[in-house]
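Peer 1: Fold the stuff below for me.
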Amino acid sequence: MADEFTAVVSVLRTATNFSVIFGSLTPASMNIQLRILRSKFAYLAKIVHPDHVPDGLKKEAGIAFHELNQLRVAAEEAIRAGQYDAAFRKNGKPAPADTGRTSAETVLYSPGGIAYHLDQTPYRQGDFSMLYRATGIGVSREEVVVKIALDPSLNAWLENEARMLKRFADAKPADPVGGIKAFLPVLRDTFMVTGERGRRHRANVIVAAPDFVSVTQILGAFRSGLDPRDAAWIARRVLAQMLAASMAGVVHGAITPDHVMVHPKTHEALHIGWAHAIDRVAHPNARITHIIDRWKDWYPPEVFQKKPPDHTTDIYMAGKTILRLFGGDTKQNIFPEHAASPAIIRTVLRCVEDSPARRYQDGKQALDELTRAVRAYWGKTYRPLVMPGV
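Peer 2: Numbering: from 1, shown residues only. From the prediction side, this is the model:
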C-alpha cells in the first residue's frame with residue numbers, strides 16, 4: 001500500500017499531461033470520456049485518501065488527495081474544452097482549477113472522493129453542530145453547508161438527521177413524502193471527520209439554499225413587528241412543516257422559529273431541523289429528550305410529562321411559532337389587539353391547547369381552516385417580503 005501511495009504521489013507531482021495520471025482517453029463521446037476519467041480518479045483516490053493510508057502518511061495523503069481532486073476537476077474542464085492532451089503545468093507547478101476560495105479555509109475529504117472547501121469562520125452555531133458555508137469540488141462545484149457535530153457525544157443527532165433526509169430522498173413517487181421532497185433539505189454527504197485529540201465528529205453536507213431566511217431572522221429584522229399580512233402567509237408555511245412531518249410518519253419535535261425557512265420573494269418553504277425527529281412507527285414509545293432552552297415555551301405539557309409525542313405535539317409547536325409571528329404572548333397565548341380576525345385567532349389558539357385532545361387532530365384541517373380565514377380577511381394577494389437591509 002505504501003509503495004502504491006509513493007508511486008501515485010510521484011506521478012501527481014511530475015506529470016505534465018493529464019493522460020499520465022488518468023490514462024489516454026480513446027476517441028469517444030465527451031460523456032464517455034468523463035466516465036472513464038472519473039473511474040480512474042476513484043481508483044487513485046482509494047490509494048491516496050487520508051483514511052486509507054498509515055497514520056504516518058495522513059498529512060501527506062491529505063495534500064495528495066487535494067491535488068488529485070484539483071487535477072481531476074481541471075481534467076474535466078479540459079475534456080469539455082477539447083484540450084485534454086495539452087500540457088497542464090507551467091514552471092514545473094500544477095495549474096489547479098480555481099475553487100473561488102481564499103487560502104483561509106479548511107478542506108474536508110469525503111470517502112466518496114469529494115473535497116469540501118470550508119470557510120475558515122463558521123457562520124452559525126446550531127443546537128448540535130457548527131455550520132460552515134463551503135464549496136464541494138466533486139463531479140461539479142456546488143455550494144453547500146457543512147454541519148459538524150460540536151462534540152462526539154452529539155454525533156447521534158446528526159446521524160438521525162442524515163437518516164431522516166435519506167429516507168425522504170429515497171421516497172417513491174406514491175409515498176406521501178414524494179409530494180413534499182422539494183421543500184426538504186437535500187443531504188449531499190455524511191461522513192466522520194477527525195477533530196482534536198483524534199476525536200471523531202459526524203459531518204453532514206447539505207445543499208445550500210440561497211436567499212432563504214428563517215423565521216428567527218425575520219423576527220429579528222422586524223423589531224417593531226411584522227405586518228400581519230406577511231405573518232399570515234408565513235404562518236401557512238409553518239403549518240405546512242407540521243403537515244410534512246405527519247405525512248412522513250414522524251414527529252418533527254422542534255418546529256421553532258429557527259427551523260422554518262422561507263424565501264421572501266417566492267414564498268417557498270424549506271423545512272429543516274430534522275435531527276430532533278422521531279419515527280412514530282419504528283419507535284412508538286420514544287420521548288422528546290432534548291428541549292431547546294430558548295424555545296422552552298414551545299413544548300407542550302406532554303413533553304414535560306415524559307409522554308410519547310404525536311402529530312398534535314407538532315401542531316402545538318407550530319401554533320406557538322405562528323403566535324410569535326403575529327407578535328403574540330407565547331407564555332399566555334394571547335394575540336395582540338387587532339392583529340388578526342377572530343377566525344384566525346381561533347384557529348391558532350386551538351393549536352396551542354394544553355390538552356392534545358382539544359387540538360386539531362388533522363394537520364390538513366388546521367392548514368385549510370387557517371387558509372380560509374386568512375383569505376376571508378385579507379384576500380388572496382401576493383406580498384413579497386422585503387427584508388430590511390437586503
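
Peer 1: Number of residues surrounding residue 60?
Peer 2: By the criterion of other CB atoms under 10 Å, residue 60 has 15 neighbours. All C-beta atoms are positioned from the backbone trio N, CA, C, and that covers glycine.

Peer 1: Tell me where the stretch 1-150 of the chain has helices.
Peer 2: 2-14, 18-22, 30-48, 58-81 (DSSP state H, counting those that start in this stretch).

Peer 1: now residue 180, nearest residue through space, not along the chain?
Peer 2: In this structure, residue 180 finds its nearest non-sequential neighbour in residue 244, 4.7 Å apart by CB to CB, 6 or more residues apart in numbering.

Peer 1: list the buried ones in the host helix or strand of the one you found?
Peer 2: Here residue 244, judged by DSSP states H and E, is contained in helix 228-247. For helix 228-247, burial by neighbour count (16 or more other CB atoms under 10 Å) applies to 228, 230-247.

Peer 1: need the helices for the stretch 151-300 of the chain, in chain order.
Peer 2: 155-169, 215-221, 228-247.

Peer 1: Tell me which residues of the first one come out buried.
Peer 2: Across helix 155-169, burial judged by 16+ other CB under 10 Å covers 155, 157, 158, 160, 161, 162, 163, 164, 165, 167, 168.

Peer 1: Show me the shaky parts of the stretch 101-250 of the chain.
Peer 2: For the stretch 101-250 of the chain, residues meeting the criterion pLDDT under 70 lie at 101-105, 138-140.

Peer 1: My guess is the residue nearest to residue 180 contacts residue 183. True?
Peer 2: Yes - Residue 244 is within contact range of residue 183, at 6.6 Å (criterion: CB atoms under 8 Å).

Peer 1: Overlap in contacts, the two.
Peer 2: By CB atoms under 8 Å, 6 or more residues apart in numbering, residue 244 and residue 183 have these common neighbours: residue 271.

Peer 1: tell me, how many neighbours does residue 107 end up with?
Peer 2: Applying other CB under 10 Å, I find that residue 107 has 17 neighbouring residues.

Peer 1: cool, and residue 383?
Peer 2: 13.

Peer 1: so who does it touch?
Peer 2: 227, 229, 230, 233.

Peer 1: three-state assignment of it?
Peer 2: coil (DSSP: H, G, I helix; E, B strand; the rest coil).

Peer 1: could you measure it against residue 214, distance?
Peer 2: 19 Å (CB to CB, to the nearest Å).

Peer 1: Then residue 344?
Peer 2: 22 Å.

Peer 1: ok, now residue 24?
Peer 2: 51 Å.

Peer 1: which of these two has more neighbours?
Peer 2: Using other CB under 10 Å as the criterion, residue 24 and residue 214 rank with residue 214 on top: 19 against 11.

Peer 1: Not counting residues beside it along the chain, what's closest to the more buried one?
Peer 2: Nearest non-adjacent residue to residue 214 (CB to CB, 6+ apart): residue 261, at 5.1 Å.

Peer 1: distance of residue 310 from residue 357?
Peer 2: Per CB to CB, residue 310 is found 11 Å from residue 357.

Peer 1: Make a markdown table out of the buried residues of helix 155-169 and add distance to residue 117.
Peer 2: A markdown table is the format used below for those (distance: CB to CB, whole Å):
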| residue | distance to residue 117 |
| --- | --- |
| 155 | 23 |
| 157 | 25 |
| 158 | 20 |
| 160 | 27 |
| 161 | 22 |
| 162 | 21 |
| 163 | 26 |
| 164 | 27 |
| 165 | 22 |
| 167 | 29 |
| 168 | 27 |
